[in-house]
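>>> Quick check, what structure comes out for this input:
(2 chains)
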There are 2 protein chains.
Amino acid sequence: MIKKQILILTFISLVNTICWSQTDYTQFVNPMIGTSKMGHTFPGATAPFGMVQLSPQTNFQPMLKADGSYNPETYEYCAGYQHKDSTIIGFSHTNFSGTGHSDLGDFLVMPTVGELNLEPIKTKDGQKGFFSTFSHATEEAHPGYYKVDLDTYGIKAELTASDRVGFHKYTFPKSDNAHIILDLVYNVYHYDNKNVWTFIRVENDSLITGYRETKGWARTRTVYFAMAFSKPFKSYGHKKYDDIQYNGFYRKFNESENFPEMAGKDIRAYFNFDTNEGEQIDIKFALSSVSTEGALKNLKAEIPHWDFDKTKAETKAKWNKELSKIEVQTMTPEDKITFYTALYHTNLSPILYEDVDGHYRGLDQNIHTSEGFTNYTIFSLWDTYRALHPLFNITQPQRNNDMIKSMLAHHDQSVHNMLPIWSHYANENWCMIGYHATSVIADAMAKNVGDFDKNHALQASVSTSNVDYFDGIGFYKEFNYIPEDKNGSSVSKTLEYAYDDWCIAQMAKQLGNTKVEMDYLKRSTYYENLFDASIGFMRPKLANGEFKKEFDPLDTHGQGFIEGNAWNYGLYVPQNIDHMIDLMGGKERFTQHLDSLFTMELADKYIEKNEDITRDGLIGNYVHGNEPSHHVPYLYNWAGHPEKTQSRVRMITSTMYGPTVEGLCGNDDAGQMSAWYIFSSLGFYPVTPGSPNYALGSPLVEEAKIHLDNGKTLTITTKNQSQKHVYVKRVLVNGTPVKNNQISHQDIMNGGEIVFEMSKKP
Amino acid sequence: MIKKQILILTFISLVNTICWSQTDYTQFVNPMIGTSKMGHTFPGATAPFGMVQLSPQTNFQPMLKADGSYNPETYEYCAGYQHKDSTIIGFSHTNFSGTGHSDLGDFLVMPTVGELNLEPIKTKDGQKGFFSTFSHATEEAHPGYYKVDLDTYGIKAELTASDRVGFHKYTFPKSDNAHIILDLVYNVYHYDNKNVWTFIRVENDSLITGYRETKGWARTRTVYFAMAFSKPFKSYGHKKYDDIQYNGFYRKFNESENFPEMAGKDIRAYFNFDTNEGEQIDIKFALSSVSTEGALKNLKAEIPHWDFDKTKAETKAKWNKELSKIEVQTMTPEDKITFYTALYHTNLSPILYEDVDGHYRGLDQNIHTSEGFTNYTIFSLWDTYRALHPLFNITQPQRNNDMIKSMLAHHDQSVHNMLPIWSHYANENWCMIGYHATSVIADAMAKNVGDFDKNHALQASVSTSNVDYFDGIGFYKEFNYIPEDKNGSSVSKTLEYAYDDWCIAQMAKQLGNTKVEMDYLKRSTYYENLFDASIGFMRPKLANGEFKKEFDPLDTHGQGFIEGNAWNYGLYVPQNIDHMIDLMGGKERFTQHLDSLFTMELADKYIEKNEDITRDGLIGNYVHGNEPSHHVPYLYNWAGHPEKTQSRVRMITSTMYGPTVEGLCGNDDAGQMSAWYIFSSLGFYPVTPGSPNYALGSPLVEEAKIHLDNGKTLTITTKNQSQKHVYVKRVLVNGTPVKNNQISHQDIMNGGEIVFEMSKKP
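You can find the predicted model right below:
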């Protein structure tokens, strides 16, 4: 009997495997989701975690207003594309996904026909620039593929990408005046004139190499390229937009035409062709952080052919490999689109950041070799430690291990001896607060993910948390809180440092380092020093030990918080939620606080002025469009009201996400918003990364199969699931009912089945 | 008898070897020679051909006049130092020697005491900058060592250098406010604001790394450094002179003080110390073209200790090795100073340009490894092909071989497929005319120097001479001359291309490539097409085949010549002097031309406006201060008047060179002026590099022993030598009288004895 059962199970498993591996999951992904308003996603072509993320740029807003001041509409263009636009100025090879500040946009390529025009927006005499109009009707966006008709020129543009190489396919009309423009001036967020230097070599009539250095969000950043054309150009040239003279007094050349060496601060190059009706000109465009030699190596290794469809199919296969890791059955077809697009968005960053030979540019601007790991960059850690990296511990454990090793390499190269805060392209941009790499490391250690050097990780974490000149750490250590009059956003920082310190304590505990564990457990209680029991809120304190007098717990500015207020951000004690609830007056009062948070009317004055807290992402004073609130719906579990968690989570998954261009209610933040959705849709959430536990919520899916790296499959099933059955009566893990509204990472890794018994009533 | 003679000779040779190897030749070198007016040499510390050339900068002229125009006094500061000055603003690690345009001046270091002042010349409120006054009385300058007292601060500054590391020794007074300033803003020729980017890391309390990118004469140039202090600094900081904000909206640090990461366009950093009376603070400052990692490798490999005197002694020994290659006895002690200083000046460039591991930055900005050679840079070829590289074929054959291999590597990296024209620091600056790398190669081949790939060298030469867009080559090939209305300085270019083409023909001949030989022999006759027999001068021709109408053979501007005129530059047909003399009407008329050249009164209007042709370097209309005339005194030999060559050469060696700061009558031009002196003092000169022959002149020395790389020694002796005995009655090479006033390279390489019998009368 038993053997027969095993046989049957094996057979079913085999059938399942074949079925899910044959499904094309890319059909459920719509990269256009989040490209409107504040999602800040891009629709272009990329491989999973690809170094090249090749996407259309509709970003031709004047970045400076006539009076020289910053145009606030710039903020919409963090990923270079806004769905409302009807014009494209070209296709760039690097883009952030979902961030709340920006950079990149390297190497804008634009095909045109007719009289050569090198001005993207407007010529000096007021004529139209080289941009093209387009219609969404001609757009296609799939994982690894993007297509649009450039109506102004009658050119069909198609894009795909391997890990390090963008592949362009342009179908031209007949013309004896066709051009490919390579614009090295264009930058995402170029209002601050980011270029430092650009350099181009025309190696032969169909191969260009070069690089660009920028001084943007990444202060000292160089990206190299190699650009191969499928057809030799008949002539070429460039225009310089700076006044840098070549060679002092000596001018022997017509540098601007058919001269194979170009350099300067601001350059636009062009390459001329004759084309027949329907003729294709393809471009392979490889990147490297190391050198043009590295870019050429990447080009030759990854796409040695000119078969666009082959690369497109290979990249599609890579996506199916990633997307098929979670098979879901949803209540509506729309939910499936939302789910797989969210899963797609969790696979766009961090990005691969090394050449095919393992060389990459380090934080010290020297060239390093990744030994024993694959190097990644773009760590938006204040966002992503919350749910994205925890999700990776389930869906991408090998990559998360590599990411942690990349963070340790960053530490080793850092002149500050610090782990990354917000790092990209061999630079620390110091964005936002905390030292949350410690959380990513502690979470991986708690979940037994990876083979990184754990003692080194602890040492790097301790070092990071003792850089006194960084963002108030010295004061934090001296006062046991950060005095608001010494260092702003003091409450947010104190709360997050305390949590990060708890993470360090967890590492030390696992490694048997009791001294460090005790020291950091002590530091992890410093949040207590900022709780003002007289008003029931976390409140900024001054160096003299008194709380700051003027205090508005609803205001997000100047009240000790950053991108949040005392009502929501003040709830950030994930390492000891029970104690926070005690401080706040016990479970009942705490439940009332949460109820008020979700239902209060927030006056306009608290909303408009912050780009991260828009009306779209709000439920009362709960801000789903930004990170500090993300754990809050789950806190009801600790207050004895799991049913309120369940209904709020279902409300959020149903109303704050959707399968449209406006389907993200705030910045996707390198995948954090999407990771929240994946977890919450599956019925659980990592409220406290660094612990092995997940808080239970209410699944949105009907069923999910998570195919784990260890070869096991976890099946999440629901009973009695429906749109209105948002409450969870009981949860069974492999047949055993769950207590305390939480499951452990081991419960997931064991595979098997988790059953959510749903109910209409709490 | 024979055996006994050999024994005696061997004994004498041995004694000689011991004697000359024990002499300290550095005592005869005065690096101050040429530091006044137009010599453009520097007095600082360097090893022979060293990558670090560490020298005081007195260059605090305002580089731009109040109206923004160029200050012509800038020209004096090509090497950063003018002897007339009484102030020093610091010590820089890179300097050209003797050039007529400039760049470099990297990494100015200045020690000060008292209130910190980061402005070199003048503070905003009009106070004095950080410069110091000094007196020549406290200066010492020897090969590999420089010393001066910085009177303003009571600091004694001493400098020495290994190949890649500068070693500073500063002796301070007692102070609790002592500083070392590291000025990354300073550039030689900084009037055009050369900085692109600078980057500093404070690795620990006594080690700094960083780099600077400039866009000067070298358009895309990066130099990396590592700077180690013998004593930890107590604090540090920097000031930025640009408006580049760090990290967009986020400012968390006091970046300017004790923050170990600095970057921006224009930065001055400072390091603070307490010092006791007489306390020394030493600095080791390593350079690299590759990376800060490379600079650190160089630092550790070359100077792993803090023993200043040890490095000083090692570098002095290196100098003695080079200087002792030619032992001279002179008629006056002054002549010995002039001679050895000239020899010293021929060992300052080209410079070593690779790290200790053989890595270097190539023309494509990629990192290359020198395999089978040592890489050099700074090729001022329009100057140095004439006598400096020919001199290297005697004194530095191994280095000249490496230099040719460096030129071939340059060709291989060049996107133009060209050999260097005037190249430095991984850049072609295109200065001056011709493609004279071909001459250097042909000369080495004619003299059997080096093991470089000769077929590759020929191919690279042919490729270079066919880059049609370079400086009129296309027209030269189309018209068989360069039409002045198509490309200026057309006569100079046509003459030099024709000579360079003859050099290519010589290579082809040696390699048995008759086709190339014949093609290039034909091109080598193109000078004929610009000789206007009606006036007896080389004259610019137009594209329509007619000579340019308005023509002043004395003017150096707009008459088809560059830095010369028809009278002197028009005599440039070294590949066929006999034919040139025929064209000019035969030997008698030609002799009259030369006589007139040397004796005519040149009107002021022809002199003042050109920086390269000053009154100091003139004899009539003969310009010894600039290169195009350098072969001219020797041309009398071909006109049947060797006695006129002899007297003119002796006049020039005696009057145009001397042991004082004004001892060079024009730019030393990377050693060409000095190489002319070495050859001419020894009695012969390479009028036609690419041929194995030397024209005989009149030796200034009494005796010279040239110790050759092949182990042989050539002794040049004079009989009846005196100041007035300038004529040569007879020359015997190992006993055989010389005919035709020339000797061959083989005559030199054979060793033995050349005897000049001198006479008072012709």
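>>> The residue in the stretch 1-150 of chain A that chain B sits nearest to: neighbour count?
Relative to chain B, the nearest point of the stretch 1-150 of chain A is A:His101 (6.4 Å; C-beta to the nearest C-beta). The way it works is simple: take the backbone N, C-alpha and C, and place the C-beta from them, glycine included. Residue neighbour count, defined by other C-beta atoms under 10 Å in any protein chain shown, stands at 22 for A:His101.
>>> Might one say that it is in contact with A:Cys78?
Yes. With contact defined as C-beta atoms under 8 Å, A:His101 and A:Cys78 form a contacting pair (6.8 Å).
>>> Up against chain B, what does the stretch 51-200 of chain A have?
A:His101, A:Asp192, A:Val196, A:Trp197, A:Phe199 (C-beta under 8 Å from any C-beta of the partner chain).
>>> quick one: secondary structure of the residue of the stretch 1-150 of chain A closest to chain B?
Classification of A:His101 using DSSP: H, G, I helix; E, B strand; the rest coil returns coil.
>>> now do the one 10 residues further on
Under three-state DSSP, the three-state class of A:Pro111 is strand.
>>> Now do the same for the nearest residue to it once chain neighbours are set aside: helix, strand or coil?
The shortest distance from A:Pro111 to any residue other than its chain neighbours is 4.4 Å, reached at A:Tyr170 (C-beta to C-beta, 6 or more residues apart in numbering or on different chains). For A:Tyr170, the secondary structure call by three-state DSSP comes out as strand.
>>> So which residue is dead centre in chain A?
Centroid-nearest residue in chain A: A:Ala670, 1.0 Å away (criterion: C-alpha atoms, centre = their mean).
>>> where does that one fall, phi/psi-wise?
For A:Ala670, the backbone dihedrals are phi 60, psi 20 (criterion: degrees, to the nearest 10).
>>> Report the set of residues contacting both of A:His101 and A:Cys78.
Taking C-beta atoms under 8 Å, 6 or more residues apart in numbering or on different chains as the contact criterion, the residues that touch both A:His101 and A:Cys78 are A:Tyr189.
>>> In strands only, show me the residues of the stretch 51-200 of chain A next to chain B.
Using DSSP state E, the members of those that fall in strands are A:Val196, A:Trp197, A:Phe199.
>>> ok so, going back, what is the nearest of the residues of the stretch 51-200 of chain A next to chain B to A:Pro553?
Closest approach between these and A:Pro553, by C-beta to C-beta: A:His101, at 26.6 Å.
>>> what's the pLDDT at the closest one?
The score at A:His101 is 90. That number is its pLDDT.
>>> Equivalent analysis for A:Tyr75, please.
87.
>>> and it, helix, strand or coil?
In the three-state summary, A:Tyr75 is assigned as helix, counting by three-state DSSP.
>>> do A:Ile743 as well
Relying on three-state DSSP, one would call A:Ile743 strand.
>>> Next one: A:Ile383 from chain B, what distance?
One correction, residue A:383 is Asp, not Ile. Look at A:Asp383 and chain B: by C-beta to the nearest C-beta, to the nearest Å, they are 15 Å apart.
>>> neighbours around that residue, how many?
Neighbouring residues of A:Asp383 were enumerated by other C-beta under 10 Å; the total is 27.
>>> repeat for A:His456
Summarising burial for A:His456: neighbours were counted as other C-beta under 10 Å, giving 13.
>>> Pull up the residues of the stretch 401-550 of chain A that are close to chain B.
Counting by C-beta under 8 Å from any C-beta, the residues of the stretch 401-550 of chain A near chain B are A:Val415, A:His416, A:Asn429, A:Trp430, A:Cys431, A:Tyr469, A:Phe470, A:Asp471.
>>> Show me where the stretch 401-550 of chain A has its helices.
With DSSP state H, counting those that start in this stretch applied, the stretch 401-550 of chain A shows helices at A:437-446, A:454-464, A:473-479, A:490-510, A:514-523, listed in chain order.
>>> What residues sit buried inside the fourth one?
Read it as helix A:490-510. For helix A:490-510, the neighbour count (16 or more other C-beta atoms under 10 Å in any protein chain shown) marks A:490-509 as buried.
>>> and it, what's its mean pLDDT?
Model confidence over helix A:490-510 averages 98 on the pLDDT scale.
>>> Give the other helices and strands that that helix contacts.
Using 3 or more C-beta pairs under 8 Å, 6 or more residues apart in numbering or on different chains; DSSP states H and E as the contact test, the elements touching helix A:490-510 are helix A:437-446, helix A:454-464, helix A:473-479, helix A:514-523.
>>> A:Asn400 against A:Ile441, yeah?
No. Between A:Asn400 and A:Ile441 there is no contact under C-beta under 8 Å: 10.1 Å.
>>> Which one of the two is surrounded by more residues?
Remark: of A:Asn400 and A:Ile441, A:Ile441 carries more neighbours, 29 against 26, as counted by other C-beta under 10 Å.
>>> Who are the contact partners of that one?
A:Ile441 sits in contact with A:Ile404, A:Met407, A:Leu419, A:Phe452, A:Ala457, A:Ser461, A:Cys503, A:Met507, where contact means C-beta under 8 Å, 6+ apart.
>>> mind checking how far it is from chain B?
Per C-beta to the nearest C-beta, A:Ile441 is found 22 Å from chain B.
>>> follow-up on the earlier one: any idea which of the helices and strands packed on helix A:490-510 is most buried?
The highest average neighbour count among these, using mean count of other C-beta atoms under 10 Å in any protein chain shown, belongs to helix A:437-446 at a mean of 28.
>>> how big is the angle separating it from helix A:454-464?
Interaxial angle, helix A:437-446 versus helix A:454-464 (axes from the mean of the first three to the mean of the last three C-alpha atoms, to 10 degrees): 160 degrees.
>>> With just CA atoms, put helix A:437-446 into CSV.
Backbone C-alpha positions of helix A:437-446 (Å, rounded to 0.1, in the frame of the first residue of the first chain) are rendered in CSV as follows:
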residue,chain,number,x,y,z
ALA,A,437,22.8,45.0,5.4
THR,A,438,23.0,43.6,9.0
SER,A,439,19.4,42.6,8.7
VAL,A,440,19.9,40.8,5.4
ILE,A,441,22.8,38.9,6.8
ALA,A,442,21.1,38.0,10.1
ASP,A,443,18.0,36.9,8.2
ALA,A,444,20.1,34.6,6.0
MET,A,445,21.9,33.2,9.0
ALA,A,446,18.6,32.7,10.9
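>>> All set now, cheers.
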